[in-house]
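[1] sequence and computational prediction follow.
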Amino acid sequence: MKRVLICMTVLLLVGFVKAQNKFFTKSGKIAFYSKAKLEDIEAVNKTAVAILDIQNGDIQFSVAMKGFEFRKALMQEHFNENYIESDKYPKSDFKGLIVNGGEIDFKKNGTYNAKAQGKLTIHGVTNDVEAEGKIIVNETKLTLSTVFNVSLQDYKIKNDKMNNISNNIKVTVDCVLEPLP
C-alpha cells in the first residue's frame with residue numbers, strides 16, 4: 001500500500017511539474033485601430049484565448065470576431081457583416097513560436113524582449129507573420145504584449161468604395177497568462 005501511495009504521489013508531481021510549462025488565459029485583450037477619413041475606428045475584445053508552452057515556445061491565440069466591441073453599435077454591425085463577415089469566418093487564430101524563447105528566463109522576474117513567428121488566420125486567409133513584443137515574468141504570471149499591423153488586402157477584406165478605412169490596421173495584444181491548471 002505504501003508503494004502504491006508513493007507511486008501515485010510521484011505521478012501527480014510529475015503531472016504538476018509538466019503542467020507548469022504551459023500558461024493560459026481566456027481573457028486576453030486584443031484591440032485594433034484604423035485611421036479613417038470620417039471617424040477613427042477602434043474596437044477591443046477581452047475574451048481572446050491564448051496558450052504558451054514555455055518549454056518549446058509554442059504559442060497560440062484564438063479570438064471570436066463577434067467579441068470585438070465598438071463605441072458605436074453601427075460600426076460593430078458593419079465590421080461583422082460587411083468587412084470581416086463574422087458569420088462565415090467566426091474566429092481568427094495565430095499559431096506560432098517564440099523564436100527567441102531560449103533568451104527568456106521564465107523562472108526569473110523581469111521584462112524580456114520576445115519575437116514570435118507563425119501563421120495568422122483572419123477572414124479565412126492564412127499568412128506568415130512576425131511580431132516583436134515583450135514578455136513580463138512576475139511570480140507565476142506572464143504578461144505578453146505586442147503591437148503589429150495587418151493589411152486588409154493580405155486577408156482579402158474588402159474596403160468600402162470610398163476607402164474610409166485605412167488599409168493597414170494597428171493591432172495591440174495584451175494578455176496575462178497563468179499556469180494551466
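    It's in.

[2] ok, now how distant is I135 from V44?
    21 Å (C-beta to C-beta, to the nearest Å). All C-beta atoms are positioned from the backbone trio N, CA, C, and that covers glycine.

[3] who's more crowded, these two?
    Ranked by neighbour count (other C-beta atoms under 10 Å), I135 and V44 place I135 first, with 24 against 16.

[4] and that one, that one's in a strand?
    Yes - according to DSSP: H, G, I helix; E, B strand; the rest coil, I135 belongs to a strand.

[5] pretty sure it contacts T146?
    No - using C-beta atoms under 8 Å, I135 is not in contact with T146, being 9.6 Å away.

[6] which residues of the chain fall in strands?
    22-34, 41-53, 58-64, 69-70, 91-98, 110-122, 125-138, 141-151, 168-179 (DSSP state E).

[7] nearest to I84, of these?
    strand 110-122 (7.7 Å; C-beta to C-beta).

[8] give me the contacts around that closest one.
    The contact list for strand 110-122 (C-beta atoms under 8 Å, 6 or more residues apart in numbering) reads 59, 84, 89, 92-101, 103-105, 126-137, 144, 146, 150, 155, 157.

[9] just the buried subset of those residues, written out for ChimeraX, thanks.
    A single ChimeraX command is used to select the members of the contacts of strand 110-122 judged buried by 16 or more other C-beta atoms under 10 Å:
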select :59,84,89,92,94,96,98,100,101,104,129,131,133,135,137,144,146,150,155,157
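
[10] can you tell me, leaving aside adjacent residues, what's nearest to the residue most central in space within the chain?
    In the chain, the centroid-proximal residue (C-alpha atoms, centre = their mean) is F61; its distance is 3.9 Å. Spatially, and ignoring its direct neighbours in sequence, F61 is nearest to F94 (4.3 Å; C-beta to C-beta, 6 or more residues apart in numbering).
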